[in-house]
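**Student:** got a sequence here, can you model it:
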Amino acid sequence: MVKIDFKNTFKEFKDISKRAMSIQGANAVPYVEFLRNNTICKVRLYSFGAGFCKVRSQLYVSENSINFIEPLDDLHLIMRKYYLNNNKEPRLPFSSDKTIIVIDIEPERSDFGSVLKNVVDTFDKIKRSDTINLTVFVENYFEIDSLALPPPPPSKIELIEDEN
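**Tutor:** Prediction:
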């Protein structure tokens, strides 16, 4: 396991995301650590890479919304539905072990720590046993290299007619 220091070294979310992806690409497990209620809390992070996850298993949490439309105040209610569904509602994960929390913050923002703490605190409130695990993914941000882009199309093609 490789620790990502999100408080000092990697402050912006895009840097945390890139670092998690590079650690995972080296066949190691990235994690973050923070102090909560006088206890050190360690959370493993995953990135999508080339993997596949069903959309119904993913719960997107950002700095101000859930699944891009729900207010963050409803996090407890929505996470409870996702984790305790047990195959009742087909649009939600079939079981708690299929649920994935995806933290998706604007690349330049630095509130990763507060969003993660909110998710962990909420998870602890709804967790009914130690058999339910919290799986946290970080959204990937790729920067497109200008050299990789194709050249622009020619502006105007002039036809030259033969005078013969």
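
**Student:** show me where the chain has strands.
**Tutor:** 2-3, 30-36, 39-47, 58-61, 65-66, 70-71, 100-103, 136-138 (DSSP state E).

**Student:** could you dump those to CSV with distance to residue 115 and mean neighbour count?
**Tutor:** Yep, even glycine has a C-beta here, placed from its N, CA and C like the rest. Shown next, in CSV, are the strands of the chain (distance: least, CB to CB, whole Å; neighbours: other CB atoms under 10 Å):
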stretch, distance to residue 115, mean neighbour count
strand 2-3, 18, 12
strand 30-36, 11, 16
strand 39-47, 11, 15
strand 58-61, 6, 20
strand 65-66, 11, 18
strand 70-71, 14, 12
strand 100-103, 6, 22
strand 136-138, 10, 23
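
**Student:** residue contacts, the residue lying closest to residue 123 once chain neighbours are set aside?
**Tutor:** Leaving aside its sequence neighbours, residue 123 sits nearest to residue 134 (CB to CB, 6 or more residues apart in numbering; 4.8 Å). Going by CB atoms under 8 Å, 6 or more residues apart in numbering, residue 134 touches 43, 101, 119, 120, 123.

**Student:** could I get the strands of the chain as CSV with distance to residue 111 and mean pLDDT?
**Tutor:** Shown next, in CSV, are those (distance: least, CB to CB, whole Å; pLDDT from 0 to 100):
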stretch, distance to residue 111, mean pLDDT
strand 2-3, 20, 88
strand 30-36, 13, 85
strand 39-47, 15, 83
strand 58-61, 11, 88
strand 65-66, 13, 85
strand 70-71, 16, 84
strand 100-103, 10, 87
strand 136-138, 13, 85
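
**Student:** what's the closest of these to residue 79?
**Tutor:** strand 58-61 (6.7 Å; CB to CB).

**Student:** check which residues of stretch 75-89 are buried.
**Tutor:** 75, 78, 79, 81, 82, 83, 84, 85 (16 or more other CB atoms under 10 Å).

**Student:** nearest spatial neighbour of the fourth one, skipping sequence neighbours?
**Tutor:** If I follow you right, that is residue 81. residue 92 (6.2 Å).

**Student:** the residue nearest the centre of the chain pairs with what?
**Tutor:** Residue closest to the average C-alpha location in the chain (CA atoms, centre = their mean): residue 138, at 2.4 Å. On DSSP bridges, the residues paired with residue 138 through beta bridges are residue 47, residue 103.
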